[in-house]
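Chemist: Here's my sequence, what's the structure:
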Amino acid sequence: MDENTGARSTRTTRRRLLAGGAAVGVAGLAGCLGGRDGPVPEPDVTSDRIEDWRQTDGSESTVFEQSYGPVTVRAREHTRIFEYAPVADALAETVDASGSPVVFFATRIDLRPAVDQLPAGVGRDRLMSEVEAAATDAFRAQLRNAGIENVAIADEGITTVRSGHTATAWRLTGEYAVDGAIPLPTGSTAEIDRPLQIGARLGVWHDGTDVIVAGGAYPTDPLLDVFDAALPDSVDAERAVTQLADAETAE
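Modeler: Coordinates of the predicted model:
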C-alpha cells in the first residue's frame, strides 16, 4: 500500500477518527501580539499540500482562561484535523482498522487581551513556555485518538518553518496496531499482530500575531511489510493484499 498521489479519494470510511473533543486538547496554548475581536481565523493549510487529505474534525472554542492579578487572560483556538484518505480507507477496507497512521493537525491560537497588555511579569516568553509544554501533551492525545500508542519524544530542537519563522520542534515515535486476518490459499488465515512503527513531528511558533501549532504522524516502514511479516514465506504479501481488496485499495 504505497502512498497514492493519483485521483483524490472521495470515499467515506465506516468510522470517524478523532471525534468530538479531541481537538480541544490544547489547554494552555496562547499568544497574540495584536488584539483581535470576533472568532479566531482557521489555520492556513495550503491546498497544494493537502490534496488527498480529508478533514475529520475541527473546533473553535475557549481553551484557556486564567487570572493574572486584575486581568483575566483567555485563549481561543481554531483547529483543523486531517487524515490521509487513501491509506485510511485502504486499511479500513482490508483489515477493518480504526483510526489512521497518517494524520495531520493545525491549530491557531490567540490570547485576549494581547501579550503587550498583560501585567508586568506575564510576557511572551512565559506564555510560549506554557504553549510548548501543553503542545506536546495535546499532540500525544491527538495521536492516541488516531490509534497511535506508546508515543515518546525522541528529540527536541529549533527549525525554520516554510513561512520563515523559527519554531521549536519535536520528533516523536509511536506504534499503530494493525489487527486483522489475511486469508491463505490453504483456507486458513494468518493473523496480523505486528505494530506499524510511526514517526511524528510537532512544531510551535509565533507568526507575529498568533501562536501556530502543527503536527503530523506517518509510518516509518512500508505498510506492506506488516502484511509480509504475518504471512508464511510461501505467500507473496503483495498478491495476498490484491486478493483481499480491489486494485485501488491494494495500490
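
Chemist: where in the stretch 1-150 of the chain is pLDDT low?
Modeler: For the stretch 1-150 of the chain, the stretches flagged by pLDDT under 70 are 1-36, 68-69, 114-124, 127.

Chemist: so where do the helices sit in it?
Modeler: Taking DSSP state H, counting those that start in this stretch as the criterion, the stretch 1-150 of the chain carries its helices at 85-95, 124-145.

Chemist: Which elements pack onto the shortest one?
Modeler: When you say that, I think you mean helix 85-95. strand 53-68, strand 180-183, helix 247-250 (3 or more C-beta pairs under 8 Å, 6 or more residues apart in numbering; DSSP states H and E). For the C-beta atoms, the positions are set from N, CA and C on the backbone; glycine is no exception.

Chemist: For residue 64, which non-adjacent residue is spatially closest?
Modeler: Leaving aside its chain neighbours, residue 64 sits nearest to residue 75 (3.7 Å; criterion: C-beta to C-beta, 6 or more residues apart in numbering).

Chemist: Across the sheet, point out what pairs with that neighbour.
Modeler: Bridge pairing for residue 75 (DSSP bridges) gives the partners residue 64, residue 111.

Chemist: Quickly find the element holding residue 226.
Modeler: Using DSSP states H and E, residue 226 falls within helix 223-230.

Chemist: mind checking how far the residue nearest to residue 64 is from residue 109?
Modeler: Using C-beta to C-beta, to the nearest Å, residue 75 is found at 6 Å from residue 109.

Chemist: do residue 198 as well
Modeler: 26 Å.

Chemist: same thing with residue 162?
Modeler: Distance from residue 162 to residue 109, by C-beta to C-beta: 19 Å.

Chemist: sec struct for residue 234, please.
Modeler: coil (DSSP: H, G, I helix; E, B strand; the rest coil).

Chemist: Tell me who's in contact with it.
Modeler: Neighbour list for residue 234: empty [criterion: C-beta atoms under 8 Å, 6 or more residues apart in numbering].

Chemist: which ones are touching the residue in the chain sticking out farthest from the centre?
Modeler: The outermost residue of the chain, judged against the average C-alpha position, is residue 186 (39.6 Å), by C-alpha atoms, centre = their mean. By C-beta under 8 Å, 6+ apart, no residues touch residue 186.

Chemist: And for residue 240?
Modeler: For residue 240, the contact set (C-beta under 8 Å, 6+ apart) comprises 182, 183, 184, 227, 231.
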